[in-house]
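Peer 1: Build the 3D model from these lines:
(chains A and B)
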Protein chains: 2
Amino acid sequence: MSILVVGSVAFDDLSSPSGSAKNILGGAATYFSLAASYFTDVRVVAVVGEDFAAEHEKVFLDHGIDITGLERAKGRTFRWGGTYTDNLNEAKTDYTELNVFETFQPRIPKEYEDSTFLFLANIQPTLQADVRRKMSRVCLTGCDTMNYWINSTPKELAETLKLVDVLLINDTEAKMLAHETNLPRAAQKVLAMGPQALVIKHGEYGATIFFGDGAYGTGHHPFRAPALPIEEVQDPTGAGDSFAGGFMGYVASQKELNREVLKRALFYGGVMGSFAVERFGTERLQSLTREEIEDRFKTFRELTHLE
Amino acid sequence: MSILVVGSVAFDDLSSPSGSAKNILGGAATYFSLAASYFTDVRVVAVVGEDFAAEHEKVFLDHGIDITGLERAKGRTFRWGGTYTDNLNEAKTDYTELNVFETFQPRIPKEYEDSTFLFLANIQPTLQADVRRKMSRVCLTGCDTMNYWINSTPKELAETLKLVDVLLINDTEAKMLAHETNLPRAAQKVLAMGPQALVIKHGEYGATIFFGDGAYGTGHHPFRAPALPIEEVQDPTGAGDSFAGGFMGYVASQKELNREVLKRALFYGGVMGSFAVERFGTERLQSLTREEIEDRFKTFRELTHLE
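Peer 2: Presented below is the predicted three-dimensional model:
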């Protein structure tokens, strides 16, 4: 099945204790679509500028990603500079240049209209809702957001959440969105806003999925996929988007859509996030094999498996 | 098998978003021995003051805990006041009164000398080492420590670690002890200091055990026990000591001592820690049943179990 992702394509300047990288391909839609491409067909809606060259296009095309919806605009592509110090969970933003992304209005090509899975990466909530409403054939919508939208556009975000099946955010965002510091209680409040399932990402500690009573059965027992303790973390950028790509990609590749599939998807999300951070930018995501992915999936299962 | 625990018995004044409790029984040896008492025989070496009454003694005796080694000294028992705000992982210390604990010199009663398991709760490292050297029949020594000793008595702590089989500390302590911010690399450095196994506690995210090549087999694959997302956290005090009590108690109750036992023990540690935080002080640990413990163990297994 095809996943449509709407989000950012960017160029990043990154620095971490492991080194630095300049002017490298990044952005939520890029990490997401590379990660998901190992599982299913992916279609991208995003905007890039005149600095987006054939070599960057090739990264998508080499993974069979459909970039019919990649709009070319006058000006420069969205750019972000970030520095990670010892705490690899948090980046210090050195600069943000929105450039062509500032006026981004997602346009869905006719060929994309039959997409059955949709991922709304972190963009303005009203744009997310508009895209969702246009996609009548979608059976599962995943969505990301961030502190900025939670604080500055709460009403718009609330409208978007009513249209979303699975929201994927981190601990801080979940607590902020729910105005509640206890995580399970925060999860119940967020589920009451609309999503049928809520994935809360814990960085190096894995992720937990909370279920609402509804599409994926009854009962509130959460499920947790632990992450692998990783010795070599070069660059955490894009870990969350790669997680979402693994999660959504695995779900879209399955014939059924139920709680067990979502649980395994949580593990595949962790797998793709763990690969992403091993090298700067998308380097590791570009060179994976399905066998490496399955090997790490097994390692993750064994990490918590009692005889 | 019998576990000997050496550590603090205290009275605490606690305050958290769920309420407050004054003058309640606490201390590492108290939490540890209550948690371990559900699995095996426990013996305590600690010091209390004249304010330690029959009702406090009863808490230990009701759980079959041997308090022959509980020394009564002139003066007041160790007292600690702590406040938890929204971040329940960290207490603000309101006051510390060492009182009779200040000059604590652990004395091992003759009846305790055949103990085969030993837990050195968080006390001055030289005292920990002295106790360990006196206990010739011990087959497994568990040990805790804290930032204060890591910073102020690194040499003494290094000597103690050479005598320890399993060190149980949290993420911050492990990184500080190893002078290394990457957790798996920090774990390898700590294992090189002496312990055969290192348990790193992640608070609400569970715990990971790292193995050295040695007593518990070869190969460095770590193992992680996730914690349950808990809706009702009233008081995190003693969670780590209760974790250690569940871990050591389960190990001591088994006929064999191998990697699989240590993995299951990691789950039981998480189980006891999760009960401890549900009520103020030791209230929940006092009223448990073995059936409740097994139920939660199953819940923890299912939390990450894929079909």
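Peer 1: ok, A:Glu307 - contacts?
Peer 2: Counting by CB atoms under 8 Å, 6 or more residues apart in numbering or on different chains, A:Glu307 makes contact with B:Glu260. Just so you know, the C-beta spots here come from the backbone N, C-alpha and C atoms, and that holds for glycine as well.
Peer 1: Check the secondary structure at the residue nearest to A:Arg137 when sequence neighbours are not counted for me.
Peer 2: Setting aside the residues directly before and after it, A:Arg137 is nearest to A:Asp114 in space (CB to CB, 6 or more residues apart in numbering or on different chains), at 5.4 Å. Following DSSP: H, G, I helix; E, B strand; the rest coil, the label given to A:Asp114 is coil.
Peer 1: now the one 4 residues further on
Peer 2: In terms of secondary structure, A:Leu118 is strand; the call rests on three-state DSSP.
Peer 1: What is the neighbour count of it?
Peer 2: Here the number of neighbours of A:Leu118 (other CB atoms under 10 Å in any protein chain shown) works out to 31.
Peer 1: Quick check: it vs A:Ser2, distance?
Peer 2: Computed as CB to CB, to the nearest Å, the A:Leu118 to A:Ser2 distance reads 10 Å.
Peer 1: Quick one: mean pLDDT over stretch A:115-127.
Peer 2: Stretch A:115-127 shows a mean pLDDT of 97.
Peer 1: Let me fix that, I meant to ask about stretch A:257-275.
Peer 2: pLDDT averaged over stretch A:257-275 gives 95.
Peer 1: Check which residues of it are buried.
Peer 2: Residues A:257, A:259, A:261-275 are the ones in stretch A:257-275 that count as buried (16 or more other CB atoms under 10 Å in any protein chain shown).
Peer 1: Which residue is the nearest non-sequential neighbour of the residue in the stretch 1-150 of chain A that chain B sits nearest to?
Peer 2: Closest to chain B within the stretch 1-150 of chain A is A:Asp86: 4.5 Å, counting by CB to the nearest CB. Distances taken as CB to CB, 6+ apart place B:Thr181 nearest to A:Asp86, at 4.5 Å, with adjacent residues excluded.
Peer 1: That neighbour - that's part of a strand, no?
Peer 2: No - under three-state DSSP, B:Thr181 falls outside any strand and is assigned coil.
Peer 1: How much space separates it from B:Ala207?
Peer 2: 19 Å.
Peer 1: Likewise for A:Val59?
Peer 2: In terms of CB to CB, A:Val59 sits 39 Å off from B:Ala207.
Peer 1: Next: A:Ala225.
Peer 2: In terms of CB to CB, A:Ala225 sits 16 Å off from B:Ala207.
Peer 1: between these two, who's got more neighbours?
Peer 2: Between A:Ala225 and B:Ala207, A:Ala225 has the larger neighbour count (other CB under 10 Å), namely 29 against 25.
Peer 1: May I have the residues that are in contact with that one?
Peer 2: Per CB under 8 Å, 6+ apart, neighbours of A:Ala225: A:206-209, A:263, A:266-267, A:269-270, A:300, B:304.
Peer 1: Contact residues of chain A facing chain B?
Peer 2: Within chain A, the residues that sit near chain B (CB under 8 Å from any CB of the partner chain) are A:17, A:86-88, A:181-185, A:187, A:202, A:204-206, A:208, A:221-226, A:229-233, A:260, A:263-264, A:267, A:299, A:301-307.
Peer 1: Just the ones of those in strands?
Peer 2: A:208, A:223-225 (DSSP state E).
Peer 1: Identify, from those residues, the entry nearest to B:Asp130.
Peer 2: Proximity of these to B:Asp130 (CB to CB) peaks at A:Arg224, which lies at 41.2 Å.
Peer 1: in the sheet, who's paired with the closest one?
Peer 2: On the basis of DSSP bridges, A:Arg224 is bridged to A:Thr208.
Peer 1: Any idea how many residues pack against it?
Peer 2: Other residues lying near A:Arg224 total 25 when counted by other CB under 10 Å.
Peer 1: ok, A:Lys255 - how many residues close by?
Peer 2: 6.
Peer 1: any idea how far the biggest helix by length in chain A is from the chain center?
Peer 2: Longest helix in chain A, counting residues (DSSP state H): helix A:259-276. Distance of helix A:259-276 from its chain centroid, counting by CA atoms, centre = their mean, to the nearest Å, is 12 Å.
Peer 1: just stretch A:239-257 next, same as before
Peer 2: The answer for stretch A:239-257 is 9 Å, by CA atoms, centre = their mean.
Peer 1: Could you give me the buried positions within that stretch?
Peer 2: For stretch A:239-257, by 16+ other CB under 10 Å, it's A:239-254, A:257.
Peer 1: and if you look at stretch A:100-114?
Peer 2: A:100-101, A:104, A:106, A:108, A:112.
Peer 1: Redo the residues you listed as TSV? Include secondary structure and pLDDT.
Peer 2: Below are the buried residues of stretch A:100-114 laid out as TSV (DSSP: H, G, I helix; E, B strand; the rest coil; pLDDT from 0 to 100):
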residue	secondary structure	pLDDT
A:Val100	helix	97
A:Phe101	helix	96
A:Phe104	coil	96
A:Pro106	coil	97
A:Ile108	coil	97
A:Tyr112	helix	97
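Peer 1: List the residues that contact the nearest residue to A:Arg259 once chain neighbours are set aside.
Peer 2: In space, A:Arg259 comes closest to A:Tyr216 once its chain neighbours are excluded; the distance is 4.8 Å by CB to CB, 6+ apart. By CB under 8 Å, 6+ apart, the contact list for A:Tyr216 reads A:196-197, A:257-259, A:262.
Peer 1: And for A:Lys255?
Peer 2: Contacts of A:Lys255 (CB under 8 Å, 6+ apart): none.
Peer 1: so where do the strands sit in chain A?
Peer 2: Counting by DSSP E, the strands of chain A are A:2-6, A:10-16, A:19-26, A:41-48, A:66-72, A:78-84, A:91-97, A:117-120, A:140-143, A:166-170, A:197-201, A:207-211, A:223-225.
Peer 1: residues near the residue nearest to A:Phe52 when sequence neighbours are not counted, how many?
Peer 2: Nearest non-adjacent residue to A:Phe52, counting by CB to CB, 6+ apart: A:Thr77, 5.4 Å away. A:Thr77 has 25 neighbouring residues, counting by other CB under 10 Å.
Peer 1: Hmm, A:Thr77 is touching A:Val100, no?
Peer 2: Yes - under the criterion of CB atoms under 8 Å, A:Thr77 makes contact with A:Val100 at 6.3 Å.
Peer 1: which residues do those two both contact?
Peer 2: The contact lists of A:Thr77 and A:Val100 share A:48-49, where a contact means CB under 8 Å, 6+ apart.
Peer 1: what about the closest residue to chain B within chain A, neighbour count?
Peer 2: As assessed by CB to the nearest CB, chain B sits closest to A:Tyr205 within chain A, at 3.7 Å. Other residues within reach of A:Tyr205, judged by other CB under 10 Å, total 24.
Peer 1: Can you tell me, leaving aside adjacent residues, what's nearest to the residue nearest to the spatial centre of chain A?
Peer 2: The centre of chain A sits closest to A:Asp241, judged by CA atoms, centre = their mean, with a distance of 2.8 Å. Residue nearest to A:Asp241 in three dimensions, not counting chain neighbours: A:Tyr31, with 3.7 Å by CB to CB, 6+ apart.
Peer 1: what's the answer for A:Leu266, then?
Peer 2: A:Ala225 (4.1 Å).
Peer 1: next one: A:Gly246
Peer 2: A:Met272 (3.0 Å).
Peer 1: who's in contact with the one you found?
Peer 2: So A:Met272 contacts A:35, A:38, A:242-243, A:245-247, A:249, A:285, A:293 (CB under 8 Å, 6+ apart).
Peer 1: Please tabulate the residues you listed in a markdown table and include pLDDT as additional columns.
Peer 2: Below are the contacts of A:Met272 laid out as a markdown table (pLDDT from 0 to 100):
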| residue | pLDDT |
| --- | --- |
| A:Ala35 | 98 |
| A:Tyr38 | 98 |
| A:Ser242 | 98 |
| A:Phe243 | 98 |
| A:Gly245 | 98 |
| A:Gly246 | 98 |
| A:Phe247 | 98 |
| A:Gly249 | 98 |
| A:Leu285 | 98 |
| A:Ile293 | 98 |
